[in-house]
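> A predicted structure for the sequence below; I have some questions about it.
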Amino acid sequence: MFAISLGDGAELRPLEPWQAAEFLAHMDRGRDYIGRHVGLPDAAADLDSARRWLQSYADKAAADTGRLYGIWLDGLLVGGVLFRVFDAAEGTCEAGCWLEPNAAGRGLVTRAVRVIIDWAVHERGMHRVEWQVSAANTPSINVAKRLGMTRDGVLRENHPYRGVRQDTEVWSVLAPEWCAATNGH
């Protein structure tokens, strides 16, 4: 298994079905915080559903349609980043993230997403990386800004979440922009 250092005791690693118990414990620690804007805690409500969700991403990885990575801080799973959508033929993908509250504010998500965008652009030839985020999720919007993404627009009341229709902001970065901002690396 590989691990990529994110600095400060943090690592980025694949997050796989065999880690369902660790993933569920992580969800339980951050369930309310993570669930404010994303449905992941609802999708991983118990061990079986956590394993199924992780397996769905293992299946996406095998089909080359998505990827999932965990963020470990000092050996504890505290969050993750993913390609929810990965369309190699079209050259587009959608990145996303989540983090439990005790790990927030350390730059872990920004560093982790930089790693996966670098891979998507430089290794896989992605042209457009999207970031879709609830308009109420200021920390995630700030990640998009730190990554140098451009706000493409707002999908008004497009997503019903826990009984309330929410706006979704769409942010993106194009490969030439990413390469210019990262000096081609």
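It's in. Numbers count the residues shown, from 1 in each chain.

> Poorly predicted segments of the protein, please.
1, 184-185 (pLDDT under 70).

> can you rerun that using 80?
Scanning the chain for pLDDT under 80 picks out 1, 183-185.

> Counting residues, name the longest helix you see in it.
If you go by DSSP state H, the chain has its longest helix at helix 47-63.

> For this protein, just list every one of the strands.
4-7, 10-14, 67-73, 76-87, 92-99, 128-134, 150-161, 164-174 (DSSP state E).

> Now tabulate those in CSV and tack on distance to Arg51.
From N, CA and C alone the C-beta is placed, and that goes for glycine too. Below are the strands of the chain laid out as CSV (distance: least, Cβ to Cβ, whole Å):
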stretch, distance to Arg51
strand 4-7, 25
strand 10-14, 15
strand 67-73, 13
strand 76-87, 15
strand 92-99, 17
strand 128-134, 26
strand 150-161, 24
strand 164-174, 28
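
> Minimum distance to Arg36: which of those has it?
strand 128-134 (8.6 Å; Cβ to Cβ).

> Next, the angle from the closest one to strand 76-87.
Interaxial angle, strand 128-134 versus strand 76-87 (axes from the mean of the first three to the mean of the last three Cα atoms, to 10 degrees): 120 degrees.

> For Asp32, see how far away Phe83 is.
Using Cβ to Cβ, to the nearest Å, Phe83 is found at 26 Å from Asp32.
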